[in-house]
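Visitor: no sequence for this one, just the structure:
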């Protein structure tokens with residue numbers, strides 16, 4: 001379910017880039033020295049740990065050689081990971097369109113990166129009705145239902161004291177607020 005929605009988020013975020021003009025400003029580290037923005041050839045977009053960690057420990061490139069903290073990224077994933085030469089970078093958005101939209105907006109608008117010639121690889125997993133597609137298939141939904149950051153349980157499986165099948169992430173029952 002993440003891929004079709006993330007595609008729309010990516011298209012929206014990239015449309016912001018088309019309205020900007022000029023060259024991205026260089027970043028100014030805290031020590032006062034100026035550095036040029038990183039211009040990755042490939043940007044890998046992952047949504048959560050299991051999707052992200054598959055890229056770590058690959059002999060051909062060390063994706064954790066540079067970890068650049070970008071304001072506005074998901075608090076769970078505040079760093080963009082890049083190889084030492086900056087040719088490959090990874091941003092982890094967090095689950096849900098809300099996190100994907102805000103994280104990707106912060107990333108593409110960051111002066112620490114020049115993404116004008118970058119290719120984007122959305123490397124995520126998703127679910128699909130097995131009557132529609134098989135395991136390993138790639139598909140994009142025309143429409144999707146957004147229920148924000150929560151789980152949905154089948155009505156037939158709900159405990160008697162649950163008034164709804166929607167349970168927010170980080171809670172045990174409906175009506176609770178997440179811990180933080």
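Guide: Yep, that arrived. As the structure is a computational prediction, the values presented were derived from the model and not from experiment.
Visitor: when you work out contacts or count neighbours from here on, use the C-alpha atoms and nothing else.
Guide: Noted.
Visitor: what's the residue located most distally from the centre of the chain sitting at in phi/psi?
Guide: What lies farthest from the middle of the chain is residue 160; by C-alpha atoms, centre = their mean that is 35.8 Å. Here the main-chain torsion angles of residue 160 (degrees, to the nearest 10) amount to phi -60, psi -30.
Visitor: what segments of this structure are helices?
Guide: 2-18, 49-53, 97-108 (DSSP state H).
Visitor: comparing those helices, which yields the minimum mean pLDDT?
Guide: Per-segment mean pLDDT for the helices of the chain reaches its minimum on helix 2-18, at a mean of 50.
Visitor: for the residue positioned nearest the centre of the chain, give me its contacts.
Guide: Among the residues of the chain, the one closest to the centroid is residue 93, at 2.4 Å (C-alpha atoms, centre = their mean). Counting by C-alpha atoms under 8 Å, 6 or more residues apart in numbering, residue 93 touches 45, 46, 47, 48, 73, 74, 77, 99, 100, 103, 104.
Visitor: check residue 165 too.
Guide: Residues near residue 165 by C-alpha under 8 Å, 6+ apart: 151, 152, 153, 154, 155, 158, 174.
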